[in-house]
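Visitor: attaching a predicted model along with its sequence, questions to come.
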Amino acid sequence: MQPYMSVKNVSHVYPNGVTAIKDINLDIYEGEVVAILGSNGSGKTTLVKHFNGLLTPTKGEITVGGLNTKKEKISKLSSLVGYVFQNPNHQTFLPSVRKELEYGCTNLKMSESEIEERVNKAIELFELEDSLDDNPFDLNSSQRKEVAMASIMAVSPKVIVLDEPTTGQDHKGCKRVLDLVRMFKDHGHIVVLITHDMHLIGELNCRTVVMNQSRKIADDQADIVFSHKGVMEEAGLQPPQITSFANELSNLDSNKTYLTIDSILSWIKENKEYKEKKEEAVQIGSGS
Ligand SMILES: Nc1ncnc2c1ncn2[C@@H]1O[C@H](COP(=O)(O)OP(=O)(O)OP(=O)(O)O)[C@@H](O)[C@H]1O
């Protein structure tokens, strides 16, 4: 299968001489949810800004949907890759939610009927019917973030990049982000997440790329990445608390990494059933 996005030997040096990413290779395929993890300044944002042409490689090449990002206009690339900023205030600036939702489609010069159809779909999916006339700045930060995501959804780019989607969100907001990532995936989008939220990655157990000091140092399923002590330590990362807890418990199957409370509860249940069956067998065997 051909990757939808392909990053080949890419480095980026900012005009001040800082090498923010170095020799990155990364293929991203249809249907994937990819988390990009790493400590502050490791190069995550610089990398994803290359996906929609906000930055172009100093060395190497990136193709998105078969297009070389060095040769395409940003407007074309942003119809393929939508970027939801960490701070929705950097993205919402129009006086009503409806106008925000229409903006991206209008910018891409879609017909009025197409804009209406796409905006109505986004309104339905994000349940924004009652806030259409509200000024986004009168909404709380969680709702404003949803408006930012809904306006990207209206454009319907193949790839949706979410930059720190759970930062500043309460428990309900974090749960909603998890549901939205799943919804984007179910609607055929590739989702790229920049996040420090290990709980979110644990719940998704998605492909996880780890950046450290401008380089990619790991790229695997989250449970496999989290089980690599060396990688986690090098990148200064802590797995979700439940994973650390499970690792500390003796008698656990050492080949498995537990990411969620549900997974460890099923393990405990299975183990209990296994022990009960074993005891039963011993009792039958001894004729008691
Ligand atoms: N516009 C810029 N000009 C010069 N240097 C920059 C610029 N943007 C980022 N950098 C530098 O590039 C390196 C990587 O930064 P980047 O923002 O990509 O990292 P990050 O992993 O996204 O960090 P964070 O988690 O703090 O957002 C850092 O050393 C940073 O200071």
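Guide: Ah, there it is. All of these numbers come straight from a predicted model, not from anything done at the bench.
Visitor: near the ligand, which residues of the stretch 1-150 of the chain?
Guide: Contact residues, the stretch 1-150 of the chain versus the ligand (C-beta under 6 Å from any ligand atom): 14, 16, 18, 20, 38, 40-46. From N, CA and C alone the C-beta is placed, and that goes for glycine too.
Visitor: out of those, which end up buried?
Guide: Among those, those scoring as buried are 20, 38, 42-46 (criterion: 16 or more other C-beta atoms under 10 Å).
Visitor: inside helices: which ones of the residues of the stretch 1-150 of the chain next to the ligand?
Guide: With DSSP state H as the criterion, helices contain 44-46 from among those.
Visitor: and the strands in the stretch 101-250 of the chain?
Guide: Per DSSP state E, counting those that start in this stretch, the stretch 101-250 of the chain carries strands over the ranges 159-163, 190-194, 207-212, 215-221.
Visitor: reformat those strands as TSV; add distance to residue 260 and mean pLDDT.
Guide: As requested, the strands of the stretch 101-250 of the chain are arranged in TSV below (distance: least, C-beta to C-beta, whole Å; pLDDT from 0 to 100):
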stretch	distance to residue 260	mean pLDDT
strand 159-163	20	95
strand 190-194	17	97
strand 207-212	15	97
strand 215-221	14	96
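Visitor: can you redo those strands as a markdown table with distance to residue 103?
Guide: Listed next are the strands of the stretch 101-250 of the chain as a markdown table, based on distance: least, C-beta to C-beta, whole Å:
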| stretch | distance to residue 103 |
| --- | --- |
| strand 159-163 | 16 |
| strand 190-194 | 22 |
| strand 207-212 | 31 |
| strand 215-221 | 34 |
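Visitor: hang on, the earlier thing: now for the residues of the stretch 1-150 of the chain next to the ligand, which pair is the farthest apart?
Guide: Longest distance between any two of these is 20.6 Å, between 16 and 38; criterion C-beta to C-beta.
Visitor: tally of neighbours for residue 270?
Guide: As a burial measure, residue 270 scores 10 neighbours (other C-beta atoms under 10 Å).
Visitor: for residue 229, that is, sorry about that
Guide: Look at residue 229: counted by other C-beta under 10 Å, it has 10 neighbours.
Visitor: what does residue 231 give?
Guide: The burial count assigned to residue 231 is 19, neighbours taken as other C-beta under 10 Å.
Visitor: contacting residues around it?
Guide: 210, 217-218, 225, 237 (C-beta atoms under 8 Å, 6 or more residues apart in numbering).
Visitor: so how far is the ligand from residue 127?
Guide: In this structure, residue 127 and the ligand are 31 Å apart, going by C-beta to the nearest ligand atom, to the nearest Å.
Visitor: how far away is residue 122 from the ligand?
Guide: For residue 122, the distance to the ligand (C-beta to the nearest ligand atom) stands at 27 Å.
Visitor: check that residue and give its pLDDT.
Guide: With respect to pLDDT, residue 122 scores 90.
Visitor: go on, residue 251?
Guide: If you check residue 251, the pLDDT there is 55.
Visitor: go on, residue 71?
Guide: Looking at residue 71, its pLDDT is 94.
Visitor: how about it, secondary structure?
Guide: Three-state assignment for residue 71 (DSSP: H, G, I helix; E, B strand; the rest coil): coil.
Visitor: and it, how many neighbours?
Guide: Residues lying near residue 71 (other C-beta under 10 Å) number 11.
Visitor: so what's residue 108 up against?
Guide: Contacts here follow C-beta under 8 Å, 6+ apart; on that basis residue 108 touches 75, 79, 155.
Visitor: low-confidence stretches in this structure?
Guide: Scanning the chain for pLDDT under 70 picks out 249-255, 274-275, 278, 285-288.
Visitor: can you show me the helices along it?
Guide: Remark: helices assigned in the chain by DSSP H are 44-49, 74-80, 97-107, 112-126, 141-155, 171-186, 198-204, 222-227, 229-234, 241-248, 261-285.
Visitor: quick one: closest of the ones you listed to residue 88.
Guide: Closest of these to residue 88 is helix 141-155, at 4.2 Å (criterion: C-beta to C-beta).
Visitor: quick one: stretch 230-249 to chain centroid distance?
Guide: Mean C-alpha position of stretch 230-249 versus that of the full chain (C-alpha atoms, centre = their mean, to the nearest Å) differs by 20 Å.
Visitor: mind listing what's buried along that stretch?
Guide: Residues 231-232, 235, 237, 239-240, 242-243, 246 are the ones in stretch 230-249 that count as buried (16+ other C-beta under 10 Å).
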